[in-house]
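Peer 1: any chance you could fold what I've pasted below:
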Amino acid sequence: MHISKIHLTNFRNFSSLDLPVDQGLVVISGPNGAGKTNFLEGIYFGTSLRRFPESHFSQLVKLGEDFFNVNLEIKNGACERLEVFWQSRPPSSGLLRTSADQQKVTRAKYAGEVPVISFLPQDLVLLTRSPQNRRRFLNEALSAASASYREASAQYERALRQRNSLWATIAMGQAGEADLEIWDEQLAENGSVVSGGREDFLARAQETLPEILAALSPTRGLVELKYLRGGASNRDEFRSMLLSARDEERRVQTTLVGPHRDDFTAEWEGQSAAGFLSRGQIRSLTLALKIFQRQFLEELKGRSPILLLDDVFSEFDETHQRTIGAFLETFPQVFLTSANLEMLRDLIHSRQTFLVEAGEFKPRS
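Peer 2: Numbering: from 1, shown residues only. Down below sits the predicted model:
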């Protein structure tokens with residue numbers, strides 16, 4: 001399965017783009033600010049309905065416009081066309097419509113049609129910076145693999161927003177704490193599914209990473225992933241945690257229990273990987289997690305995902321670049337951006353390559 005054509009209208013800096021692409025490796029090159037990452041985000045949003053880190057929904061629409069459209073033509077998939085349309089509708093967050101083969105579908109079903117994995121510059125500091133990046137990594141891996149996780153995650157986020165809003169209303173004396181009960185139920189029901197999915201994912205990763213790392217790095221040592229859970233995989237335990245946190249939540253007027261406060265750490269021989277390993281070793285471990293993410297997705301979905309690689313190739317040494325090159329060969333389709341085509345000379349031989357500048361694409365001769 002692969003994408004055969006990409007249509008973007010008013011997405012980021014693209015007014016209108018119709019780009020036919022082949023399976024295998026598709027290389028996008030151009031100067032900074034030309035639109036390489038915007039193009040990848042169009043594919044990412046068009047398949048998963050997820051944005052890249054630090055993107056706000058309103059930033060996806062081209063400046064001066066009030067709507068965008070992403071339309072993807074698919075070969076050898078369960079559907080032949082995916083389309084997502086968004087239009088600004090103040091004061092709300094806007095109108096979002098999703099369709100597969102011109103039939104309206106739920107967001108959960110839409111996001112499961114074409115599995116996708118991203119490898120972004122932010123992932124290079126996955127293990128050393130904000131837990132928000134690690135939660136995003138878990139969400140991407142599990143949302144692509146599981147419809148029940150996607151649905152539970154979406155329901156959890158909606159309930160969390162409502163519950164936090166209710167705390168503000170309670171603080172103004174316009175509601176009582178008894179009104180929290182319905183949202184406690186929603187959080188416990190859906191949050192326990194999210195927590196259970198993350199716990200299982202990290203347990204599987206723990207079993208598989210040693211083998212992957214042995215092939216990636218000459219450094220030997222025991223890697224241990226620790227799940228720092230903010231909630232619980234058991235619904236009743238989740239509810240008990242909410243009740244136990246009630247006094248502190250009353251003080252800060254926000255929800256303190258749940259997977260929105262999750263994190264995980266990696267330890268190497270009992271030491272924090274972030275403070276113990278070299279920069280190169282950290283990147284080996286990050287690459288190993290991405291390789292496991294692909295294996296996990298294939299195991300659950302029974303098919304290979306599409307890979308989006310945003311200008312991170314140059315951040316690895318020559319040995320790991322060869323490993324990444326071999327890794328790319330295992331995907332049915334890879335979209336790779338780079339400002340330096342010379343560095344990719346061994347990869348892009350006889351591959352489909354485009355040059356992009358100011359939102360305009362040209363095939364490279």
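Peer 1: tell me the contacts of Q293?
Peer 2: Contact analysis of Q293 by Cβ atoms under 8 Å, 6 or more residues apart in numbering lists I117, F137, E140, A141. Yep, even glycine has a C-beta here, placed from its N, CA and C like the rest.
Peer 1: so for it, what pLDDT did the model give?
Peer 2: The score at Q293 is 96. That number is its pLDDT.
Peer 1: how near is it to G280?
Peer 2: Look at Q293 and G280: by Cβ to Cβ, to the nearest Å, they are 20 Å apart.
Peer 1: ok, P332 next?
Peer 2: For P332 relative to G280 (Cβ to Cβ), the value is 30 Å.
Peer 1: L166 too?
Peer 2: L166 is 48 Å from G280, where distance means Cβ to Cβ.
Peer 1: equivalent analysis for L309, please.
Peer 2: L309 sits 19 Å away from G280, going by Cβ to Cβ.
Peer 1: the more surrounded of the two?
Peer 2: Shown here are L309 and G280; by other Cβ atoms under 10 Å, L309 has more neighbours (25 against 15).
Peer 1: just the strands in the stretch 151-300 of the chain please.
Peer 2: For the stretch 151-300 of the chain, the strands defined by DSSP state E, counting those that start in this stretch cover 223-228, 263-268, 271-272.
Peer 1: and Q102, which of the ones you listed is closest to it?
Peer 2: Taking Cβ to Cβ, strand 263-268 is the member of the strands of the stretch 151-300 of the chain nearest to Q102, at 40.6 Å.
Peer 1: partners of the closest one, with directions?
Peer 2: Here strand 263-268 is paired, per DSSP bridges, with strand 223-228 (antiparallel), strand 271-272 (antiparallel).
Peer 1: give me the contacts around the last one.
Peer 2: So that's strand 271-272. In contact with strand 271-272 (Cβ under 8 Å, 6+ apart) are residues T265, A266.
Peer 1: so for that strand, what's the average pLDDT?
Peer 2: Strand 271-272 shows a mean pLDDT of 88.
Peer 1: go on, stretch 163-183?
Peer 2: 96.
Peer 1: who touches it?
Peer 2: With Cβ under 8 Å, 6+ apart, stretch 163-183 has contacts from A159, Q162, D184, Q186, L187, R246, E249, R250, Q253, T254, T255.
Peer 1: check stretch 96-115 too.
Peer 2: 1, 3, 47-50, 72, 74, 77-86, 143-145, 147, 150-151, 154, 297, 301, 303-306.
Peer 1: and it, how far from the chain's centre?
Peer 2: Here the centre of stretch 96-115 is set off from its chain's centre by 17 Å, with Cα atoms, centre = their mean, to the nearest Å.
Peer 1: of the contacts of stretch 163-183, which is the most crowded?
Peer 2: Using other Cβ under 10 Å as the neighbour test, those are led by L187, with 29 neighbours.
Peer 1: ok, the closest residue to that residue other than its chain neighbours - contacts?
Peer 2: Leaving aside its chain neighbours, L187 sits nearest to A159 (5.3 Å; criterion: Cβ to Cβ, 6 or more residues apart in numbering). The contact partners of A159, taken as Cβ under 8 Å, 6+ apart, are W183, Q186, L187, N190.
Peer 1: do you know the pLDDT at the second one?
Peer 2: Turning to Q186, the model gives it a pLDDT of 97.
Peer 1: give the contact list for it.
Peer 2: Contacts of Q186 (Cβ under 8 Å, 6+ apart): Q155, Y156, A159, Q162, R163.
Peer 1: out of the strands of the stretch 151-300 of the chain, deepest packed?
Peer 2: strand 263-268 (a mean of 18; mean count of other Cβ atoms under 10 Å).
Peer 1: how far is that strand from where the chain is centred?
Peer 2: 19 Å.
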